[in-house]
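A.B. asks: Pasting the sequence and the predicted model now:
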Amino acid sequence: MFGYYFGLALRSLRRNVVLTALMVITIGVGIGASMTTLSIFRAMSGDPIPQKSRQLFVPQIDNFGPTVTGAFGGALPADRMPRYLTYTDAVALMRAHAAERQAAMYRTSAAVASPNSAALPVLESGRATYTAFFTMFDVPFEYGAPWSAADDAARAPLVVLSRKLNDRLFGGANSVGRIVTLNDEEYRVAGVIQDWGPVPRFYDLGAGGGSTFAYFGAEQIFVPFTTAIARHLSQAGDLRCPKVPQGGEDALLHSECIMFQMWVELPNLASVRAYRTFLTNYAAEQRRLGRFNWAPRIALRDVRQWLAYQHVVSNDVSVLMLVSFAFLLVCLLNGGGLMLAKFMSRSPQVSVRRALGADSRAIFTQCLVETGMIGLVAGVVGIALSIVGLLIAQGMFIRSAGNSRTLAALTHLNGGDVVIAVVLSVAATLLAGLYPTWRATRVQPAWQLKVQ
Amino acid sequence: MIALRPILSSLSRNKVGAALIALQMAVTLAILCNAVYIIQQRMARAARPSGIDEADDFAIANQWIGTAAADAGALIQADVAALRAIPAVADAYITNSFPFDGGGATTQITLHPDQPRSRRTTTVYLGDQHAMDTLGFRLSAGRNFNASDIRDFRSPLKLPPINGMLVTRALAEQLAPAGKVLGRVATLVSLPVSAPIVGVIDTLQAPNVNAPGGNAVAYNSVVLPYRVGTPGAAYVVRAKPGGLAQAMKAAPAALARVSRQRVITDEFSLAEERRAAYSGDRTLALMLTLVCLILLAVTAFGIVGLTSYWVSQRRRQIGIRRALGATRGAIMQHFQTENLLITAGGIVVGVVLAVAGNLWIVKSFAMGRLPYEYLLVGVVALLVLGQLAALWPALRAASVPPAVATRNV
């Protein structure tokens, strides 16, 4: 029976090619536009580390207090809660070891000498952190392994390279144990990571400079935090100071300037609660020591809470998505109108079929098959259009991001998206076609035949 | 006089179809008004003046490495001299930051250090007496720095005292809404800097065009008379008119002759940098424009489709009317008026939707309230669109011969 309906639907769609094409294109364009913005939205707001996003937390401690009105480096956020930690607090939290894993970190950059000594060194982005960074964030290694906790303690001159940098320096060979020169100082390669870079780069959103697309991409070199501090690797991320201390780097490290990101892994609710208590106690102790003269203010947010708190998805993308879905609504209204016209113009044939014995359910099913087919084709057109849309979007964004991860993140139309597009298209078309279909079944056979 | 009765009666036979078109036009109007408003706002933002000579300026980001880093101060002076010696270069200076570079140092400034409420957010530019001629900003009062004002800057952690600073007029108006600022001592809140204001800059935009605070702080800048000597810094170079490409080509080679213990991380013209800084705004504007155009096309095709269907449905009636003496014009007028009525219905709903949608956008995204002109423009656009879309089916209707009435289909 379905085959028969399918044949009937095909014949009917072929009879008025222009109208059919109009319906397919209209709904397809709507699906295409909304899928394009949806995947951009998801690329930005997606969970960068789904397997662990509920176990990784950012501790925050208010070390500015209620009297600070602004900071060198940037305006205070509305909740007046520092986004980073001071050196004092970062080191104290690392020493306390109150979480299962913890890693303080900062963004740096270093001039990497080329193996071909004639060429100029290249400035690469880097991250100074602790060994737990790699285990906490499940960073996959191509060669070697993270440095050890003992290396952290000993300020070992070790470095972990990105695959890209390893390709450039060592032609992609296993470089573990070889020497890399950063800022004219030697470091031994401990490992090379595979292509890795969470999107968005949740562990340090700060250095983005305002553009959401700067949130993409990981660093090229990783060095132990303690080594980086000892060797004065520059702080290249955000720095906020209520008062810039005068003296030298030592004065900066012991000031109330915030510049370090910190992540802790807390596997269950009990450990989260315990860590919160620990933070409160820590802040209370700082107050007793006379450093803070205000009641403890702390916060602990997991990855998803942190991304929402930091407004990672720009308003622009939300507006665009809103507009696209309103646009899809227009397309569906349009498709519905056209379908109404189509089915109504077929009243005479429907009445002939009714007169020949088809019941209203049969007519209903037949019309549904027809609308479903339109929806299916429109879904395919929509997917094709969203691929084109993503290519355009990527072309526009890529220059501002200058990063191949962006490309990957944006062109990514995964299987789920394809299913969503087709289901959305068919469901929406059926919905839009429901009234026209119902109207078609209400045709009075005798009356229509008489008119004929 | 247009006879409305037959139109209304034919519309009442196609209630759902008419309602679908009206609703579609309503949503179209709501999207169109808000989108055009956002596009206009973003384009206006991207066209804001920076106060500097973007056409002739370019920048080179430089990083000293190894032993050179310790000697940055002297090497930078050699670099600046080498840059100024390039025939196509008019002037050059070294700085921490410049308009459109996205970074910059932000802090608070006040004329009354004992009154926390008097503090205003500002960006801090560092530069010597050449900053003014290189960037090409103008003074509306006071004087530029002279050689004796300039101090060496090694690090924000070791700031020598200064005896003058420049502030922008926008900042001056916020610091002293009623009075003059020239000669008054301004104090930075987070940095140990306190000095009299010696000059007021006409316009000088802050480096991060997307900085929180928006327009209220976009032109709040101070220039402090420091000659930057840090390992990482940027040269801003002004080319002689027409010499930009030549100067940009010659500059890296000239720097390499001074020393090779460095990384030149970037070289770009400020015109390019402006485009990059506002790329988000332009992208959104472009995408919304695209959506609007497709939207108008979809709506137009929808009207064409449904109206054509109505025409073919009513061929007999049209033929009868023609046979009874109706002119072609009258038939066309029937369909055009029918469309006008539907559009009018859609517009009423659409205006409500547009305002509601805008209120929601204002609330969730902190954007501006929709001005009424945009509604008006949207309404006119939809009326024209509806009439144009109905034209082709109406022409087809008008071409139905009266003889149809005599035929039995």
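C.D. replies: Everything's here; your move.
A.B. asks: drop to CA atoms for contacts and neighbour counts, all remaining ones
C.D. replies: OK.
A.B. asks: Tell me which residues touch residue B:40, please.
C.D. replies: Residues near residue B:40 by CA atoms under 8 Å, 6 or more residues apart in numbering or on different chains: residue B:285.
A.B. asks: Wasn't it part of a strand?
C.D. replies: No. Per DSSP: H, G, I helix; E, B strand; the rest coil, residue B:40 lies outside any strand segment and is helix.
A.B. asks: Low-confidence stretches in the chain?
C.D. replies: Went with chain A since none was named. Counting by pLDDT under 70, the ranges of chain A that qualify are A:1, A:116-118, A:207-217, A:394-414, A:445-452.
A.B. asks: let's do chain B instead
C.D. replies: B:1-2, B:366, B:408-409.
A.B. asks: report the longest helix in it, please.
C.D. replies: Longest helix in chain B by number of residues (criterion: DSSP state H): helix B:328-365.
A.B. asks: Residue B:262 - nearest residue in space that isn't next to it in sequence?
C.D. replies: Excluding its sequence neighbours, the residue lying closest to residue B:262 (CA to CA, 6 or more residues apart in numbering or on different chains) is residue B:64, at 4.4 Å.
A.B. asks: need the contact list for that neighbour.
C.D. replies: B:72, B:231-232, B:261-263.
A.B. asks: Can you report phi and psi for it?
C.D. replies: Residue B:64 has phi and psi values of phi -80, psi 140 when expressed as degrees, to the nearest 10.
A.B. asks: Next: residue B:178.
C.D. replies: According to degrees, to the nearest 10, residue B:178 has phi -100, psi -30.
A.B. asks: Which residue comes closest to residue 315 once chain neighbours are left out?
C.D. replies: All of this refers to chain A. residue B:365 is the one closest to residue A:315 (CA to CA, 6+ apart), at 6.1 Å.
A.B. asks: my bad, chain B
C.D. replies: residue B:400 (6.9 Å).
A.B. asks: Kindly report the same for residue A:98.
C.D. replies: That would be residue A:275: by CA to CA, 6+ apart, it lies 6.6 Å from residue A:98.
A.B. asks: Does that neighbour touch residue A:100 like I think?
C.D. replies: No. Counting by CA atoms under 8 Å, residue A:275 does not reach residue A:100; the two are 10.0 Å apart.
A.B. asks: Residue A:257 and residue A:250 touch, don't they?
C.D. replies: No. Using CA under 8 Å, residue A:257 is not in contact with residue A:250; the gap is 11.8 Å.
A.B. asks: Neighbour count: these two, which is higher?
C.D. replies: Per other CA atoms under 10 Å in any protein chain shown, whichever of residue A:257 and residue A:250 has more neighbours is residue A:257, with 27 against 11.
A.B. asks: which ones are touching that one?
C.D. replies: A:86, A:239-244.
A.B. asks: Return the subset of the contacts of residue B:64 lying in strands.
C.D. replies: B:232, B:262-263 (DSSP state E).
A.B. asks: and residue B:80, how far is that from chain A?
C.D. replies: Using CA to the nearest CA, to the nearest Å, we find residue B:80 at a distance of 20 Å from chain A.
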